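1. turn this into a structure:
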Amino acid sequence: MRVFIYPNLLKTNSLRCAEQACGILLEEDCEIYMEESYKESFGEMFSIKYFTLEECVEGCDVIIVTGGDGTILRCSSAAARYGKPILGINCGTLGFMASLEADDLDKLRLLCRGEYTVTERMRLSVKVKCESGEEICADALNDVVLIKGENCRIADFEVSKSGSIVSSLRADGVIFSTATGATAYSLSAGGPIIEPDMECIEFSQICAHSLFARTIVFSPDSHISVRCRFKHDAYALLSADGIQTAKITDRDIVKIERSKITTKIIDLTAGSFFPTVNRKLMIPLKDTE
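-> The predicted structure is shown next:
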C-alpha cells in the first residue's frame, strides 16, 4: 500500500504522531510519500519518498492526515479530484472528520489489512457570475459562506432556488453547508447537526435581523443562487472552506449546487461520528445524588 502522509506540524503532537504512524506503516510493508517541504523535518527517516502535493495524491492509495479538520479540508480538494480516500488522525481540538485520536495509532494496522469502511461525502460547487463576464469557480467539502465586507454596514441577501425566491433577509451573512459542514460554522449560527454521509444543502443565516429566521435544508440536487444588496460601493466576501475566493458586488450572482466530485473518508472505528459529538459538544449530566 502506498500511503501519503499529510501532517500539520503547527498542531501539538502532530510531528510525533506522524513519526509513529510511519513506523507502524513500515512494519506493515507500506510505501510512504510526503511533500518535499517536509524533508527538512523528516529527512531520510522511514525511507520516505518526497514529491509535490499533486504527485503524492495521484500516486498514493490512501492519504493519512495528522492534524485537525482544517488540515483535512486543505487536502480534500486534491484527494477528491483523484478519488483518493482520507484517513484523519486528530491532533486538533474537535476532529469530527478524523477516525482516530493520536493515542489510537495501532489501529492503523486495520487500514493496511483492508479492515475499514469508506463513506463518500458530498461537496458543494460554487460559481460567481461577474458583471464583467468573468466566472470564478470553487469547491467546498464543509461550506460556502457569504459575509458582508468591512465597508458594509447593512447587507441584504436574496436567496433563490431554481429561480424562485426562498428568502430575502438582512443579515451579516449566509452559510451554505454540506452535512459534513453542519458541525462547523453552520452549527455556530444555530444550524442543526446532520449525519455527515447524508446528502443535502443546509442554509443558515449569520445574525439575521429577523424574529423568524430559520435554517432551511434543501435537497442535494437543488440549484441555488444568491444576490447581495448593498448601499454605495460596499461588497461581500465569498469563502469556500474558509478560503477567501472573491469579493461580491451587488451586480454579481453566486450559484451553488452539488459538486460532481465527492470526498472519501475512511472510518476505522465503525461509526465514530456520534461518539465524537457526545464527547466534544455535549456536556455530561452531573450525578444529582
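
2. hey, what's the nearest residue to I86 once chain neighbours are set aside bridged with?
-> Using CB to CB, 6 or more residues apart in numbering and skipping the chain neighbours, the partner closest in space to I86 is I63 (4.7 Å). Using the backbone N, CA and C atoms, a C-beta is placed for each residue, glycine as well. Here I63 shows beta-bridge partners F4, I86, assigned using DSSP bridges.

3. quick one: I63 from S76, how far?
-> The gap separating I63 from S76 is 9 Å, by CB to CB, to the nearest Å.

4. joint contacts of these two?
-> I86 (CB atoms under 8 Å, 6 or more residues apart in numbering).

5. surely E35 meets E54?
-> No: if you go by CB atoms under 8 Å, E35 and E54 don't touch, sitting 9.9 Å apart.

6. who has more neighbours out of the two?
-> A side-by-side neighbour count of E35 and E54, using other CB atoms under 10 Å, places E35 first with 19 against 12.

7. what's near enough to touch the more buried one?
-> Y6, Y50, F51, T52, L53, C56.

8. which among those residues count as buried?
-> Buried by 16 or more other CB atoms under 10 Å: Y6, Y50, F51, L53, C56, out of the contacts of E35.

9. so which of those are in strands?
-> In this view, the buried ones among the contacts of E35 that belong to strands under DSSP state E are Y6, Y50, F51.

10. which residues does the first one contact?
-> Just to be clear, that refers to Y6. By CB under 8 Å, 6+ apart, the contact list for Y6 reads M34, E35, C56, I63, I64, V65, T66, G67, T71, C75.

11. redo those as JSON lines? Include distance to H209.
-> Formatted as JSON lines, the contacts of Y6 follow (distance: CB to CB, whole Å):
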{"residue": "M34", "distance to H209": "49"}
{"residue": "E35", "distance to H209": "45"}
{"residue": "C56", "distance to H209": "47"}
{"residue": "I63", "distance to H209": "43"}
{"residue": "I64", "distance to H209": "45"}
{"residue": "V65", "distance to H209": "39"}
{"residue": "T66", "distance to H209": "42"}
{"residue": "G67", "distance to H209": "37"}
{"residue": "T71", "distance to H209": "36"}
{"residue": "C75", "distance to H209": "38"}
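
12. from these, pick the one nearest L169.
-> Relative to L169, the closest of the contacts of Y6 is T71; by CB to CB it sits at 33.7 Å.

13. hang on, that closest one packs against G95?
-> No: with contact defined as CB under 8 Å, T71 does not count as touching G95 (9.7 Å).

14. more crowded one of these two?
-> T71 (26 against 22).

15. need the three-state assignment for that one.
-> helix (DSSP: H, G, I helix; E, B strand; the rest coil).

16. rewinding a little: so what sits against both of T71 and G95?
-> G88.

17. ok, now how distant is the residue nearest to I86 from T263?
-> From I63 over to T263 (counting by CB to CB), the distance is 10 Å.

18. shared neighbours, those two?
-> A79, I86.

19. what residue ranges in this structure score low on pLDDT?
-> Applying pLDDT under 70 to the chain picks out residues 271-272, 282-289.
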